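Asker: what's the 3D shape of this:
(one chain, ligands or ions: 1)
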Amino acid sequence: MSRIFEITDKVLSYHPKADIDLINRAYVFSAQAHADQKRNSGEPYFTHPMEVASILASLRLDEASIVTGLLHDTVEDTDITLEDIRERFGDEVAQLVDGVTKIGKIKFQSSEHKQAENFRKLIMATAKDLRVLLVKLADRLHNMRTLCFLKEYKRKAISEETVQLYAPLAHRLGIHWIRQEMEDLAFSHIEPEASSELTHRMAEHLDELKDTCMRLELVLQEVLNRQGVKARVQGRMKHLYSLHEKMQRKHVAFDEVYDLVAFRLIVEDMPACYQTLGIIHSLYRPVPGRFKDYIALPKPNGYQSLHTSVYGPENHLIEVQVRTESMHHYAEDGIAAHWMYKGEEAASGDQQKFRWLKQLTELLQEADNPVEYLENARLDLFVQEVYVFSRDGDIFSLPRGAVPLDFAYAVHTDVGHHCMGVRINGEPADFQTELRNGDQIEVLTSPEQTPSRQWLQYARTPRARQAIRQWFSRQEREASQRMGGEILLEALGKDVNLGKASLKKLGCKTMDVLKERLGQGVMPIERLLEVTEGSKLGFKGLSQNLMWAADCCLPLPGDPVLGRFQPGKGMILHHRDCSEVTKTRKDAWLEANWRGEGGQFYPTAIQVKAQNERGMLARVSGTFAECHANIDDIKLRQFEGSMTLMSLLVEVSNRKHLATVLRAVKALDGVVSVSRLTQGGLSKRVRVRKGIGEAIKGMVTRGWTRQPSHSKA
Ligand code: MN
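Answerer: Numbers count the residues shown, from 1 in each chain. You can find the predicted model right below:
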């Protein structure tokens, strides 16, 4: 087990002004908190946070990260609360510990590639601070090192999670050695046979190469020394898991992998890199096309080195990398340095996706002191998405600001259409609730539930909004077609299918289009009758029982009207001035051409302002009678002392009839003004007497099928 002074010494070596007292206090605090706990290995639990802190120190992190490493399991596994931590170690450490604890609660539940990607992003978004992620990686690395004490199924599950989530995160942050160690450890648990077989073959191969390697190393050292170049020579073996992957991916045998061993020469400065390369090429024949100058042209992530392959001693193919100490440091430990290593992530889609990481990399490169920068490296600033779970544990990525409806439509269009309620983390929530990372969402559906126009105000994702709009346009189209079908039946007396020629004359491609146009009222019925002359005899004019005048604005035939379908009823027509029309979106309405039926009478609302004189009401109502306009209801109100306001519900046959009536009333002595009301809300404004009101309402919904009031009277 690492000892605390070893850790603090390591920290002081790269950060001489570090707050060692803080680290020591965390050490004592954590040791006490975990005092009674043991690990599966039988060792004291406290060895674990100590090793995590030690790993963090080898990543050269700041004291807050080291302290977090020491404390990272206290809140989850002991009586210690976050408040205790905040009191003793301050806000910064408390936030970091909280972050690590939160990540620990994310349960990875899928091996599907895309899902894994979302989980990785959820982890990054949850981490919020880069240091949280690094502590988590150190935590996982130490757990992997001590995995052998667990039962097999647990080892496999943890290893799987490590390969899917944590190793790729380490890779993207450029912490190469953590990734490799994690992968190799996981590999040995997931595929023990393949792993030991490869280890074996690797050892054999190295034995075989040993002489070559030693000779090469000696030769290189000697020649370089003679030329006055100080160099550190490192033999590097390809790590097991990447070898295994390469063999699988490229379907090659062990012997066909030629970059099993690579030499790395670490020299003092940049000129020495080129000098060394020249020396190597003069000693051994280079393989054409394998030389890469990543010093002059660094990789997008800032990686720098010279790469070449040569035919070494015994004609063995050998890969050589030359770099300076600082390039080496950056390539090995550099946070976020390797996210595009070997072009794996170079596909354009991924490049977009990880642009935030690239930005992070650039910021890291610009910062003079990475430790200082870490404090500001808030990961969530870069993440434009939220990650939420379905009840079954599937993870969904949605744009920030998404609401439950967006989630429902992301699951399936039908789930969205029939969504009647949601629960977030088990609690009922409304449709406008903004989703947060890690929320678990349950959608309640009902076949009776259908989209409402209001949903368009809530939904944020294009997918949800488009689905809702499509639902409405389909509803309207279907309603129009249904109605058009009935019009057709009414007009022709039978259900007919027009031939191609007739359809062409009408400018419609199919019967459905024809029906839709008839239903919308954009195809005049006369046009249809012209084309289908034979059926004309049966046509008695279009029954109005498919179009209804709305009882809020009481439009008359010939008025400018707009229609809206009401399922099971037909088209409800409103006056264009009606508040129902003006307060809703224009695209909710259909143009309608309503001519009404000869001999029918329709109610409409009229307001008469007159002097409050004796006999005034009799004169007005008498005038209506003379004009053959039946009064259905009348309401009087005194105002301004000497005036009477009469609100009347009057039946007229059409606009022309109405104009005649209005003129006659206006001409009366004592009448100040006469106007018609079309702005809607008439059931309130006219305040029809009970009884008559009901009758009128009934009339409207029955569609004016009763006899005209004159003949009844
Ligand atoms: Mn831990």
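
Asker: Quick check: closest non-adjacent residue to the closest residue to the ion within the stretch 501-650 of the chain.
Answerer: Using Cβ to the ion, the closest approach of the stretch 501-650 of the chain to the ion is made by R585 at 55.1 Å. Any C-beta I mention is one placed from the backbone N, CA and C, and that applies to glycine too. Nearest residue to R585, sequence neighbours excluded (Cβ to Cβ, 6 or more residues apart in numbering): R453, at 7.2 Å.

Asker: Help me confirm that L636 is found in a helix?
Answerer: No. Applying DSSP: H, G, I helix; E, B strand; the rest coil, one finds L636 to be strand, outside a helix.

Asker: count of residues packed around it?
Answerer: Neighbourhood size, L636 [other Cβ atoms under 10 Å]: 14.

Asker: What separation do you get for the one residue sitting closest to the centre of the chain and I103?
Answerer: Centroid-nearest residue in the chain, with Cα atoms, centre = their mean: L398, separated by 1.4 Å. For L398, the distance to I103 (Cβ to Cβ, to the nearest Å) stands at 20 Å.

Asker: got the residues of the chain near the ion?
Answerer: D73, D139 (Cβ under 5 Å from the ion).

Asker: lowest confidence element among the helices and strands of the chain?
Answerer: Within the chain, judged by mean pLDDT, DSSP states H and E, the helix or strand with the poorest mean is helix 692-702; its value is a mean of 29.

Asker: so who does V652 touch?
Answerer: Neighbouring residues of V652 by Cβ atoms under 8 Å, 6 or more residues apart in numbering: L556, F601, Y602, T604, A629, L658, V661.

Asker: what's the lowest-pLDDT member of these?
Answerer: Note: of the contacts of V652, the lowest pLDDT belongs to F601, at 83.

Asker: just to revisit the earlier point, around the residue nearest to R585, how many other residues sit close by?
Answerer: For R453, using other Cβ under 10 Å, the count is 13.

Asker: so it is in which element?
Answerer: According to DSSP states H and E, R453 maps onto no helix or strand at all.

Asker: Which pLDDT value belongs to it?
Answerer: Value for R453, per-residue pLDDT: 83.

Asker: Adding neighbour count, write the contacts of V652 out as TSV.
Answerer: Output for the contacts of V652, formatted as TSV (neighbours: other Cβ atoms under 10 Å):
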residue	neighbour count
L556	24
F601	25
Y602	25
T604	27
A629	27
L658	21
V661	22
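
Asker: Please convert the residues you listed to a markdown table, extending it with distance to E442.
Answerer: Formatted as a markdown table, these follow (distance: Cβ to Cβ, whole Å):
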| residue | distance to E442 |
| --- | --- |
| L556 | 51 |
| F601 | 55 |
| Y602 | 51 |
| T604 | 51 |
| A629 | 60 |
| L658 | 57 |
| V661 | 61 |
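
Asker: ok, the closest residue to K246 other than its chain neighbours - contacts?
Answerer: Leaving aside its sequence neighbours, K246 sits nearest to V257 (Cβ to Cβ, 6+ apart; 6.1 Å). Taking Cβ under 8 Å, 6+ apart, we find V257 in contact with K238, L243, K246, M247.

Asker: so is the residue in the stretch 151-300 of the chain positioned nearest to the ion in a helix, a strand, or just coil?
Answerer: Evaluated by Cβ to the ion, the stretch 151-300 of the chain has I158 as its residue closest to the ion, separated by 12.0 Å. What three-state DSSP gives for I158 is helix.

Asker: Next, count neighbours for the spatially closest residue to it that is not a sequence neighbour.
Answerer: Nearest in space to I158, with sequence neighbours left out and distances taken as Cβ to Cβ, 6+ apart, is L147 at 6.3 Å. Using other Cβ under 10 Å, L147 has 19 other residues around it.

Asker: show me the contacts for L147.
Answerer: R155, I158, S159, L185, H189.

Asker: Which strands or helices does the helix or strand where the first one lies pack on?
Answerer: Applying DSSP H and E as the criterion places R155 in helix 152-161. Where contact means 3 or more Cβ pairs under 8 Å, 6 or more residues apart in numbering; DSSP states H and E, helix 152-161 is packed against helix 130-145, helix 176-190.

Asker: run the last query once more with 6 Å
Answerer: Using 3 or more Cβ pairs under 6 Å, 6 or more residues apart in numbering; DSSP states H and E, the elements in contact with helix 152-161 are helix 176-190.

Asker: Can you give me the pLDDT of the residue of the stretch 501-650 of the chain closest to the ion?
Answerer: 70.

Asker: so how far is R469 from it?
Answerer: 11 Å.

Asker: what's the answer for K156, then?
Answerer: 47 Å.

Asker: picking that back up, which is the succeeding secondary structure element to the helix holding R155?
Answerer: Past helix 152-161, the next helix or strand by DSSP H and E is helix 167-172.

Asker: pLDDT averaged over that following helix, what's the number?
Answerer: For helix 167-172, mean pLDDT rounds to 80.

Asker: could I have that helix exported to CSV, CA atoms only?
Answerer: The C-alpha trace of helix 167-172 is given here as CSV (Å, rounded to 0.1, in the frame of the first residue of the first chain):
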residue,chain,number,x,y,z
ALA,A,167,-11.3,2.9,-21.0
PRO,A,168,-12.8,5.0,-23.9
LEU,A,169,-13.0,8.0,-21.5
ALA,A,170,-9.4,7.6,-20.5
HIS,A,171,-8.6,7.3,-24.2
ARG,A,172,-10.3,10.5,-25.0
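
Asker: I'd guess V388 is in a strand, am I close?
Answerer: Yes. Assigned with three-state DSSP, V388 falls within a strand.

Asker: quick one: the strands in the stretch 601-713 of the chain?
Answerer: Ranges of strands in the stretch 601-713 of the chain, per DSSP state E, counting those that start in this stretch, are 602-611, 630-639, 643-652, 671-677.

Asker: The last one pairs with which strands, and in what direction?
Answerer: Listed by DSSP bridges, the sheet partners of strand 671-677 and their directions read strand 602-611 (antiparallel).

Asker: got a list of contacts for the strand it pairs with?
Answerer: In this structure, residues lying in contact with strand 602-611 by Cβ atoms under 6 Å, 6 or more residues apart in numbering are 554, 556, 616, 620, 632, 644-651, 670-677, 682, 686.

Asker: Could you do stretch 393-412 as well?
Answerer: Contacts of stretch 393-412 (Cβ under 6 Å, 6+ apart): 109, 115, 118-119, 384-389, 415-416, 419, 422, 431-432, 434-435, 441, 443, 455, 458-461, 463-464, 467.
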